[in-house]
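Engineer: what shape does this take:
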Amino acid sequence: MSDKGTNSRSIETMAYDILIKNGRVMDPFTRVDAIANVGIKDGKIAAIVPITQRLNGDKTIDATDLVVAPGFINIHGHGSGNGVGGEFHVRDGITTEITGNCGRSGAWDESSGAPNLPAYPLADFFETVEQQGLVVNVACYTGHITLREALGLTDPYKPPTNEQLAKMVRLVCKEMEAGASGITFAPFYGPGCTYEEMVTLAKEVSRLGGCAASHPRSMLPGQDIEAIIEALNTAREADVPFILSHMGGPTIVPRSSGIALELLTEAREKGLKIATDFHGYDAASTFLNFPPFDPPIENLLEAMSIKISDMGVVSTVVIDNKVFMKAGEAFSSPDQWNFVRGKIKSGQIPDPFWIGRIYRPHKIFLWLSSPLCMIENDWAIGIDPVTGKYRGHPRGAGSFARFLGYWVRQRGVCDLMTALSKTSTMAATWLGLDKKGRIQVGCDADLTLFHPDKVIDGATYTEPGQPSHGIPYVIVNGIVVVDNGELTGALAGKAIRRTWKVPGVLPELGHLPRMGIENLRC
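Structural biologist: Predicted coordinates:
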């Protein structure tokens, strides 16, 4: 970009909707890292110039001491892009949510664990969230479990008949036509899902230009590596870009992490389009009533080398009109665990969700530092239906700020430019969101402004509904949604219906030379 002549004069005289001045613009796609002024017009980045060149804006944001980064993309989410969950996400710097993960289409009610929006068909989901208004952008996969249930196959242990599988193929076609990014599998939650089933559906998704993601079949010692091999074989046979979702198994089982990373790295070297994602907390969370918890709990505790007190409930448990366990309370005995699960399985009480402090910090470091790993949050904050207070896993409010503050700044898991690629550019490149995940003229004005020395999560396990710190401004499609740390109430998000072939590639982190702001064009 030249700062001389007619182009310079037109840039300076244009009235921008938003002027960001004196910010540290960091674009992982080109590795530009420069103090600059940014002009936003009609939802797009319209100008990026040296601070010596003045711009005029209807609204001016002084970004002195702030990093101006591509808006964060939550590659593995379960939120709808609106409501309480969307508000916490955007305050964590997220501007785009990729939902429909772990085999479940659409989004899930963070309060009850039941669908609060149409999960199937996907066309209805997109229409509903657009009518409600979106805090952030939202794209969605079609979920394999959702497709099974749409055909009446509700038993998670039961494989489909040939007729049911043929019907699922037809359903996949319709969902892909509606704009699904691809398909997600979860043999972890539905053991009856067969390898043939996944390959057949993944092939159809690949033919139609989508990608796939999967929560691998097992996280238990002796089974987790087999589960990864099954996922890699699915990707290879179907010839589809494939994300192994939140590598929980090998993170739980320390001796497996090195083997798993070696398998993934070798697969990529042989041309397989493989990636993974993870968050930065030491606890997992999911439904309490799910198949892997069906065997005796003592077996699970022994396999993962944890105690019953390492596991608890997310929401308040009420039995016979009395509070039996408080939100966040740990289990005290296997008998208490069995009693609560029995009440859930019999339909007497709603599922309060499970939370377990099972991840090993040194293995989290290993996975987050991998060039294959993108950042996700895998949750959305909701309201406890009993107490009315915020409930959930703290990752639903603080995963991205925790990564930048704790793992990057305090622990040094990677440099800041690589970190910003992991929070945004990698996901955009993988999915083919060509106008997102970068700061370049002509790209979507999805931007997150944060203080590199102050950004940190505010959410905790006991107080999960606390917003992140050090992220004063978030802009979605050229509209300020977080202004000086406060929500503006703007519903600036859009539904993203895929119409292109997902490339399933990752940028080569750290291999591009540093460039100047004159290169910031899409």
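Engineer: so where's the longest strand in this structure?
Structural biologist: Counting by DSSP state E, the longest strand found in the chain is strand 15-27.
Engineer: report all helices and strands that it contacts.
Structural biologist: strand 32-41, strand 44-50, strand 56-62, strand 67-70, helix 416-420, strand 447-450 (3 or more CB pairs under 8 Å, 6 or more residues apart in numbering; DSSP states H and E). C-beta: built from backbone N, CA, C; applies to glycine.
Engineer: same for the next helix or strand along the chain from the fourth one, what does it pack against?
Structural biologist: Yep, that's strand 67-70 we're talking about. Remark: after strand 67-70, the chain's next helix or strand is strand 72-74, criterion DSSP states H and E. Helices and strands touching strand 72-74, by 3+ CB pairs under 8 Å, 6+ apart, are strand 94-99, helix 395-402, helix 426-431.
Engineer: can you redo these as TSV with mean pLDDT and distance to Leu261?
Structural biologist: Formatted as TSV, the helices and strands packed on strand 72-74 follow (pLDDT from 0 to 100; distance: least, CB to CB, whole Å):
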stretch	mean pLDDT	distance to Leu261
strand 94-99	97	23
helix 395-402	97	21
helix 426-431	97	17
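Engineer: out of the ones you listed, flag the one nearest Asn484.
Structural biologist: Asn484 lies closest to helix 395-402 among the helices and strands packed on strand 72-74, at 16.4 Å (CB to CB).
Engineer: what angle sits between the closest one and strand 94-99?
Structural biologist: Angle, helix 395-402 to strand 94-99, by axes from the mean of the first three to the mean of the last three CA atoms, to 10 degrees: 130 degrees.
Engineer: now do the buried residues in helix 395-402.
Structural biologist: Buried residues in helix 395-402, counted by 16 or more other CB atoms under 10 Å: 395-402.
Engineer: ok, now stretch 418-438?
Structural biologist: Buried-residue list, stretch 418-438, by 16+ other CB under 10 Å: 418-433, 435-438.
Engineer: just to revisit the earlier point, now the helices and strands packed on strand 15-27 as CSV including distance to Pro191?
Structural biologist: Formatted as CSV, the helices and strands packed on strand 15-27 follow (distance: least, CB to CB, whole Å):
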stretch, distance to Pro191
strand 32-41, 48
strand 44-50, 47
strand 56-62, 51
strand 67-70, 39
helix 416-420, 36
strand 447-450, 39
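Engineer: so where's the chain uncertain?
Structural biologist: The chain contains residues with pLDDT under 70 at 1-9, 108-117, 248-255, 509-513.
Engineer: hmm, try it at 80
Structural biologist: Scanning the chain for pLDDT under 80 picks out the ranges 1-13, 108-118, 219-222, 247-257, 508-522.
Engineer: which segments of it make up each domain?
Structural biologist: 5-70+439-497, 72-282+362-427, 283-358 (automatic domain parsing).
Engineer: just these: most buried one?
Structural biologist: domain 72-282+362-427 (a mean of 22; mean count of other CB atoms under 10 Å).
Engineer: what about it, how long is it end to end?
Structural biologist: End-to-end distance for domain 72-282+362-427: 9 Å, by CA to CA, to the nearest Å.
Engineer: from the middle of its chain, how far away would that domain be?
Structural biologist: Distance of domain 72-282+362-427 from the chain centroid (CA atoms, centre = their mean, to the nearest Å) equals 7 Å.
Engineer: quick one, phi/psi of the closest residue to Pro361 other than its chain neighbours?
Structural biologist: Excluding its sequence neighbours, the residue lying closest to Pro361 (CB to CB, 6 or more residues apart in numbering) is Asp282, at 6.1 Å. Asp282 adopts backbone torsions of phi -90, psi 10, taken as degrees, to the nearest 10.
Engineer: over to the one 5 residues further on?
Structural biologist: With angles defined as degrees, to the nearest 10, Phe287 sits at phi -70, psi 140.
Engineer: contacts only, for the nearest residue to it once chain neighbours are set aside.
Structural biologist: Once flanking residues are discounted, Phe287 sits nearest to Asp351: 5.3 Å by CB to CB, 6+ apart. If you count contacts by CB atoms under 8 Å, 6 or more residues apart in numbering, Asp351 has them with 113, 287-289, 344.
Engineer: beta partners for the closest residue to Ser309 other than its chain neighbours?
Structural biologist: Among residues not flanking Ser309 along the chain, Ala330 sits closest, at 4.7 Å (CB to CB, 6+ apart). Assessed by DSSP bridges, Ala330 has beta-bridge partners Gly312.
Engineer: could you pull out the strands for the stretch 101-250 of the chain?
Structural biologist: Taking DSSP state E, counting those that start in this stretch, the strands of the stretch 101-250 of the chain run over residues 137-140, 142-143, 182-185, 211-214, 242-244.
Engineer: in JSON lines, list the helices and strands packed on strand 72-74 along with distance to Val480.
Structural biologist: Formatted as JSON lines, the helices and strands packed on strand 72-74 follow (distance: least, CB to CB, whole Å):
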{"stretch": "strand 94-99", "distance to Val480": "12"}
{"stretch": "helix 395-402", "distance to Val480": "18"}
{"stretch": "helix 426-431", "distance to Val480": "21"}
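Engineer: and Val138, which of those is closest to it?
Structural biologist: Nearest of the helices and strands packed on strand 72-74 (CB to CB): strand 94-99, 4.7 Å.
Engineer: what is the closest one packed up against?
Structural biologist: Against strand 94-99 (3+ CB pairs under 8 Å, 6+ apart) you get strand 72-74, strand 137-140, helix 426-431, strand 473-476.
Engineer: among the ones you listed, which comes closest to Tyr359?
Structural biologist: Per CB to CB, nearest to Tyr359 of these: strand 72-74, 19.0 Å.
Engineer: about what we covered before: for His246, which of the helices and strands packed on strand 94-99 is the nearest?
Structural biologist: Nearest of the helices and strands packed on strand 94-99 (CB to CB): strand 72-74, 12.1 Å.
Engineer: now the angle between helix 395-402 and the next helix or strand after that closest one, please.
Structural biologist: Going down the chain from strand 72-74, the next helix or strand is helix 83-91, by DSSP H and E. Helix 83-91 and helix 395-402 meet at an angle of 0 degrees, taking the same axes, to 10 degrees as the criterion.
Engineer: begin at 2, not 1, for the rest of this chat.
Structural biologist: Done: numbering now begins at 2, and the last item shifts to helix 84-92.
Engineer: just checking, what packs against helix 84-92?
Structural biologist: Checking 3+ CB pairs under 8 Å, 6+ apart, helix 84-92 ends up next to strand 383-384, helix 396-403, strand 474-477, strand 480-484, strand 487-488.
Engineer: what is the first one packed up against?
Structural biologist: Helices and strands in packing contact with strand 383-384 are listed as helix 84-92, strand 391-392; criterion 3+ CB pairs under 8 Å, 6+ apart.
Engineer: quick one, which of the ones you listed is nearest to Val477?
Structural biologist: helix 84-92 (7.1 Å).
Engineer: great, nothing more from me.
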